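*Asks:* Just a sequence and a predicted model for now, questions to come.
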Amino acid sequence: MLFTQNLLPTMLALSLSTTGTKAAIAIGTKANHWNIMWVDGTDPCASTFISYVGESPCNITPHPLQGNGYSYTLQGCGGPLWLNNGDGSYNSNCYDAPADLVCDTHRVWLCG
């Protein structure tokens, strides 16, 4: 009985810690001038600059995102897109998710 009482809270805490750390990363444009990224569900007005529109947004590691403090690199321009973590390890695939948002921000893809 004691084993079960201690095990369940530990399992729940581990489950929450692993599922709560994965956030979708939004990729889009701001004012049709900049390619940007931000943590989806946070304020896109506080997005992170990747590159200028017309330049490739791939293979550029921007400053850490304000929503979670991590850096990501968009990969696969010219084909299926995916996101790598700042250390170069794979993070997730990206998919089309167009939406017009506040601050003259247009979301193009979601990764995660």
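*Replies:* Yes, it's here.

*Asks:* Hmm, N93 is touching Q75, no?
*Replies:* No - if you go by C-beta atoms under 8 Å, N93 and Q75 don't touch, sitting 10.1 Å apart. For glycine as for every other residue, the C-beta is placed from the backbone atoms N, C-alpha and C.

*Asks:* Roughly how far does N59 sit from G76?
*Replies:* Taking C-beta to C-beta, to the nearest Å as the measure, N59 and G76 are separated by 10 Å.

*Asks:* which strand is the longest one in the protein?
*Replies:* Longest strand in the chain by number of residues (criterion: DSSP state E): strand 90-101.

*Asks:* Show me what that one is packed against.
*Replies:* strand 25-30, strand 82-85, strand 105-111 (3 or more C-beta pairs under 8 Å, 6 or more residues apart in numbering; DSSP states H and E).

*Asks:* Which elements pack onto the last one?
*Replies:* Using 3+ C-beta pairs under 8 Å, 6+ apart, the elements in contact with strand 105-111 are strand 25-30, strand 90-101.

*Asks:* Need the winner for burial among those.
*Replies:* Highest mean neighbour count of the helices and strands packed on strand 105-111: strand 25-30, a mean of 22 (counted as mean count of other C-beta atoms under 10 Å).

*Asks:* before we move on, back to that, Serialize the helices and strands packed on strand 105-111 to a markdown table and add fields for mean pLDDT.
*Replies:* Formatted as a markdown table, the helices and strands packed on strand 105-111 follow (pLDDT from 0 to 100):
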| stretch | mean pLDDT |
| --- | --- |
| strand 25-30 | 97 |
| strand 90-101 | 97 |
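
*Asks:* Tabulate those strands (CSV), appending distance to T48.
*Replies:* Listed next are the helices and strands packed on strand 105-111 as CSV, based on distance: least, C-beta to C-beta, whole Å:
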stretch, distance to T48
strand 25-30, 10
strand 90-101, 15
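
*Asks:* Identify whichever of those lies nearest to N68.
*Replies:* N68 lies closest, by C-beta to C-beta, to one member of those: strand 25-30, at 8.8 Å.

*Asks:* got the contact list for the very next helix or strand once past that closest one?
*Replies:* Of the helices and strands lying after strand 25-30 in sequence (DSSP states H and E), the nearest is strand 34-39. Defining contact as C-beta atoms under 8 Å, 6 or more residues apart in numbering, one finds that strand 34-39 is touched by 23-30, 44, 46-53, 55, 57, 62, 65-68, 72, 74, 105.
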